[in-house]
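**Student:** Here's a sequence, model it:
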Amino acid sequence: MNTTAALPVRRRTAPAALTTPQQLTAVFTHRALYEIAAAVPAKDRVGRPRAFPTYLLLGYAALSRVFRSGARTAHELTDPDLWAVVTAAITTATRMFPDLDIAPPGPNPPHWDAYRYARDRHLTDPDVLVAMLAEFTRCAVDQAHAMGLLDPGGGGSLCHPHPTRTIYGDGTVVRPMYRPPAAERTTDPVTGLEKVTYLDANGKPADAPTRRFDPDGALYHGHAGPVHGQNFVAWSVRGPGPHQRVVLAVDRVPRPGQEAETAVSAFWPLHHIAGPGIQALVYDGAMRGVHIDEIMTRAGVVVINKVHASARTATRRGKTTTPRWHTLGTWEHETPTGACTHHLAAVDGAVSEITLDDSGKLVVLGALDRTQVKRPRRASGRYHFSVAYTVACPSGNFTAWVTPHGAPTDTDHKRADAVRVIAEGEADFETLYGLRNDAESFNAQLKRTLLVDRAMSLGGRRQLLDVLAFAVLHNARNDYRARNRATHHNHLHAVA
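**Tutor:** Alright, predicted model coming up:
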């Protein structure tokens, strides 16, 4: 009989979720809510004056992600206790941000009709939506700086970027509440745009569908198969602890095949604000050579992603076939016995040495160790990366400098598509590329705020407003937690 006493088991408990009153307080004590609302024109050109301040309607949109629908939000706010929490939070925000002109909320909460009217009339106006997205990014970068993220003076380097200075992005397709109507789709050979012809119950062309549908939905193809819906991208950064993610930018993909272009387009305003605080970015294989080369040469930021499947070494029945590589050239160095040459190629993104075996077949000797990354800026204003690798040689190791950029004649950006400064299999890659899992977590959290994981709004701009509202809610909750942690720490320090 074993009489040894069992040791106590220490379990790591997840931080408690915020209660509904705490989430309401978080939203209406979040400075960004008021600054984003200030980007919306205060008055309409026609019609009656607005009954509710814009920040209250934007907060209503954020609470719709708490309660999962706009109609239920209106019902919940009729509870005097919850409305008292909102008004108390607004009063607190007035004291916290004396430089902001925060109008009083009024005696009554906003109702569903008021929010729907505001959403359809001015919150989803294209120019207003662009202004709100830009202000959201500016506020999010300020929040990241306050949390010690994207610090230009922080750790890391171009050779070994720091996770807190690495942004990461991903796209996700949100399915509509209603099934797409029967239609025939053709592509215009000149413009490349898709033409949709709707069909009636008998399969004949109709002017318009006979039931509700999402007019901006489209068929997107991903690793899980085709999905009909709308695609949204988001950029984020996070700290080492729980609840330290900050969503930095969100946007909508206008049509299939443009996710990478949309992600790059959303990156530029973010980079303009964060600047040297960003050392690297992480994205999936949707980002190809043309996007990678543009980001690295224009922004001087290291791009970390896997090589596209079309250029990766294939596997068959668990066995790898002949490696697919991109030849980089021949490097020569002097030895006591004369010149010695080595042939380099990019294999699955990693700069490697290749040679001929006894049968005359090319084989890979192994990936090279990266030792230094240089990023001079040329007279054109663009950056040019050069990476130093150690090449092992029996006559003496030497350093080979390799650039991930192609020659001017490489108009297809094949070299940028094949070469990675930080390649799969390296320790830095495993650390930084793993941040993509956090992006997928954000996507899953977004969909959990919807009914049966489907969009509650019809139309691209309305759904983008919903995604923006969730991003505001997400950052507000983490800002609330960070402020409470700081208050708790200061209290313990004072007691000590």
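**Student:** What is the neighbour count of residue 463?
**Tutor:** Neighbour count of residue 463, defined by other Cβ atoms under 10 Å: 24. C-beta here means a position set from N, CA and C on the backbone, and glycine is covered the same way.
**Student:** my bad, residue 35
**Tutor:** Residue 35 has 18 nearby residues by other Cβ under 10 Å.
**Student:** cool, and residue 146?
**Tutor:** 13.
**Student:** So the residue nearest to it when sequence neighbours are not counted, which state does it fall into?
**Tutor:** Closest residue to residue 146 apart from its sequence neighbours, by Cβ to Cβ, 6 or more residues apart in numbering: residue 482 at 7.6 Å. Secondary structure, DSSP: H, G, I helix; E, B strand; the rest coil: residue 482 is helix.
**Student:** now the helices: where do they sit in the protein?
**Tutor:** Taking DSSP state H as the criterion, the chain carries its helices at 20-28, 31-37, 54-67, 70-77, 80-96, 112-118, 126-146, 259-274, 289-299, 414-418, 427-433, 436-448, 460-495.
**Student:** Would you format the ones you listed as a markdown table with distance to residue 346 and mean pLDDT included?
**Tutor:** Formatted as a markdown table, the helices of the chain follow (distance: least, Cβ to Cβ, whole Å; pLDDT from 0 to 100):
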| stretch | distance to residue 346 | mean pLDDT |
| --- | --- | --- |
| helix 20-28 | 47 | 97 |
| helix 31-37 | 42 | 98 |
| helix 54-67 | 43 | 96 |
| helix 70-77 | 51 | 95 |
| helix 80-96 | 52 | 97 |
| helix 112-118 | 53 | 94 |
| helix 126-146 | 33 | 97 |
| helix 259-274 | 20 | 97 |
| helix 289-299 | 11 | 96 |
| helix 414-418 | 5 | 93 |
| helix 427-433 | 14 | 95 |
| helix 436-448 | 22 | 93 |
| helix 460-495 | 36 | 84 |
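**Student:** Of those, which stretch is the most buried?
**Tutor:** helix 54-67 (a mean of 24; mean count of other Cβ atoms under 10 Å).
**Student:** what about that helix, distance to the chain center?
**Tutor:** 22 Å (Cα atoms, centre = their mean, to the nearest Å).
**Student:** Next, the angle from it to helix 70-77.
**Tutor:** Relative orientation of helix 54-67 versus helix 70-77 (axes from the mean of the first three to the mean of the last three Cα atoms, to 10 degrees): 100 degrees.
**Student:** which other helices and strands contact helix 54-67?
**Tutor:** helix 20-28, helix 31-37, helix 70-77, helix 112-118, helix 460-495 (3 or more Cβ pairs under 8 Å, 6 or more residues apart in numbering; DSSP states H and E).
**Student:** which one of the ones you listed lies closest to residue 437?
**Tutor:** Ranking those by proximity to residue 437 (Cβ to Cβ) places helix 460-495 first, at 16.4 Å.
**Student:** Between helix 20-28 and the closest one, find me the angle.
**Tutor:** Helix 460-495 and helix 20-28 are oriented at 100 degrees to each other (the same axes, to 10 degrees).
**Student:** Would you map the strands across the stretch 101-250 of the chain?
**Tutor:** According to DSSP state E, counting those that start in this stretch, the stretch 101-250 of the chain carries its strands in the segments 166-176, 183-187, 194-199, 205-206, 218-222, 225-238, 245-252.
**Student:** Need those in JSON lines (columns: mean pLDDT and mean neighbour count).
**Tutor:** Below are the strands of the stretch 101-250 of the chain laid out as JSON lines (pLDDT from 0 to 100; neighbours: other Cβ atoms under 10 Å):
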{"stretch": "strand 166-176", "mean pLDDT": "95", "mean neighbour count": "24"}
{"stretch": "strand 183-187", "mean pLDDT": "78", "mean neighbour count": "11"}
{"stretch": "strand 194-199", "mean pLDDT": "78", "mean neighbour count": "13"}
{"stretch": "strand 205-206", "mean pLDDT": "79", "mean neighbour count": "13"}
{"stretch": "strand 218-222", "mean pLDDT": "82", "mean neighbour count": "16"}
{"stretch": "strand 225-238", "mean pLDDT": "93", "mean neighbour count": "22"}
{"stretch": "strand 245-252", "mean pLDDT": "98", "mean neighbour count": "26"}
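**Student:** Mind checking those for the one nearest to residue 31?
**Tutor:** Using Cβ to Cβ, the strands of the stretch 101-250 of the chain put strand 245-252 closest to residue 31, at 13.4 Å.
**Student:** nearest to residue 273, of the strands of the stretch 101-250 of the chain?
**Tutor:** Closest to residue 273 of the strands of the stretch 101-250 of the chain, according to Cβ to Cβ: strand 245-252, at 8.9 Å.
**Student:** neighbouring strands for that closest one, and are they parallel or not?
**Tutor:** Strand 245-252 has the following sheet partners, assigned by DSSP bridges: strand 225-238 (antiparallel).
**Student:** ok now the strand it pairs with, how far from the chain's centre?
**Tutor:** 8 Å.
**Student:** now do stretch 453-467
**Tutor:** On Cα atoms, centre = their mean, the centre of stretch 453-467 falls 18 Å from that of its chain.
**Student:** And for it, what's in contact with it?
**Tutor:** Residues from elsewhere that reach stretch 453-467 (Cβ atoms under 8 Å, 6 or more residues apart in numbering): 61, 64-65, 68-70, 119-120, 123-124, 126, 129, 174-178, 212-216, 229-230, 232, 234, 250-252, 254, 446-447, 450.
**Student:** same question, stretch 52-61
**Tutor:** Taking Cβ under 8 Å, 6+ apart as the rule, stretch 52-61 contacts 27-28, 33-34, 36-38, 40, 42, 70, 73, 77, 86, 102-103, 105-106, 110, 114-115, 118-119, 123, 465-466, 468-469, 472.
**Student:** Next, work out how far apart residue 365 and residue 393 are.
**Tutor:** Taking Cβ to Cβ, to the nearest Å as the measure, residue 365 falls 11 Å from residue 393.
**Student:** about what we covered before: just put the helices and strands packed on helix 54-67 in a markdown table and tack on distance to residue 159.
**Tutor:** Output for the helices and strands packed on helix 54-67, formatted as a markdown table (distance: least, Cβ to Cβ, whole Å):
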| stretch | distance to residue 159 |
| --- | --- |
| helix 20-28 | 39 |
| helix 31-37 | 34 |
| helix 70-77 | 49 |
| helix 112-118 | 50 |
| helix 460-495 | 30 |
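**Student:** Can you say which of the ones you listed is nearest to residue 143?
**Tutor:** helix 460-495 (5.9 Å).
**Student:** the inter-axis angle of that closest one versus helix 80-96?
**Tutor:** Counting by the same axes, to 10 degrees, helix 460-495 lies at 70 degrees to helix 80-96.
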